[in-house]
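Chemist: starting from these lines, generate the structure:
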Amino acid sequence: MSRPLRLTLSLVALTTCLFVALAMAPVQASAAAPSELTPSQDETPILTLHSDGERRPVSRAEIESSPLHEVTLQHFEGPQGSFAGVWLDDFLTSQNLDVSATLRLIAHDDYTVFISPQDREETRYLLATRLDGDPLTLEEFGPTMLIVPADAQAVEVGTASMTHWIWSIRDIQVQ
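Modeler: Numbers count the residues shown, from 1 in each chain. This next block holds a predicted model:
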């Protein structure tokens, strides 16, 4: 085999390896930014709010009535891409809920997370409703999930706690 041919084949192999490595690299979390997505018009209830002894179904359209934001990240359970949703405190305000209350979020599998007002002062939580522009489904950890964009990379590598991340949210209780 001639030297130029070996060099060409080596460059092709190197380029292929580089392409494969980049394709398999984890998605680096981006900073959350305002989204250009059109808010949902779907009025089908996707979770239940519990406040002051009352239960109220909430739709994707109601959630997305607050300004949408997007962040690109690798979720530690697998999904990766552009997650879109609303800031949790904006959602609470839009629902006329007490922002000074502790929240109990309950998933479809009964996993529970508590988020205190102090937690929300220290960290911004995104109530995600979409992945890559499409509504989250139960099969994709939806219809809503709570993510912490600022902690995404640290959670992925195991240097930050994932205890406030919850997916497949069924209920939000204001306590």
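
Chemist: tell me where this protein has strands.
Modeler: Applying DSSP state E to the chain gives strands spanning 33-34, 45-51, 54-59, 69-74, 80-87, 103-107, 112-115, 126-131, 134-135, 145-147, 166-167, 169-174.

Chemist: these: which one's closest to residue 96?
Modeler: Relative to residue 96, the nearest member of these by Cβ to Cβ is strand 45-51, separated by 8.9 Å. Every C-beta, even on glycine, is put in place using the N, C-alpha and C of the backbone.

Chemist: can you name the residues in contact with the closest one?
Modeler: 55-60, 63, 95, 97-98, 129, 142-144, 169-174 (Cβ atoms under 8 Å, 6 or more residues apart in numbering).

Chemist: so how do I select the buried members of those residues in ChimeraX?
Modeler: This is the ChimeraX syntax for the buried subset of these, where burial follows 16 or more other Cβ atoms under 10 Å:
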select :58,59,60,63,95,97,129,142,143,144,169,170,171,172,173,174
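
Chemist: any regions of this protein where pLDDT drops low?
Modeler: Within the chain, the segments meeting pLDDT under 70 span 1-30, 74-79, 152-162.

Chemist: go with 50
Modeler: 9, 11-27 (pLDDT under 50).

Chemist: what's the burial count for residue 50?
Modeler: 16 (other Cβ atoms under 10 Å).

Chemist: tell me which residues touch the residue nearest to residue 101 when sequence neighbours are not counted, please.
Modeler: Residue nearest to residue 101 in three dimensions, not counting chain neighbours: residue 174, with 4.7 Å by Cβ to Cβ, 6 or more residues apart in numbering. When contacts are counted by Cβ under 8 Å, 6+ apart, residue 174 touches 49, 50, 51, 52, 92, 97, 98, 101, 103.

Chemist: okay, and the beta partners of the third one?
Modeler: The partner list for residue 51 in beta bridges (DSSP bridges) reads residue 54.

Chemist: quick check: the gap between the residue nearest to residue 101 and residue 46.
Modeler: 18 Å (Cβ to Cβ, to the nearest Å).

Chemist: do the same with residue 116
Modeler: Distance from residue 116 to residue 46, by Cβ to Cβ: 24 Å.

Chemist: more neighbours, these two?
Modeler: Neighbour count, other Cβ under 10 Å: between residue 116 and residue 46, residue 46 has more, with 22 against 14.
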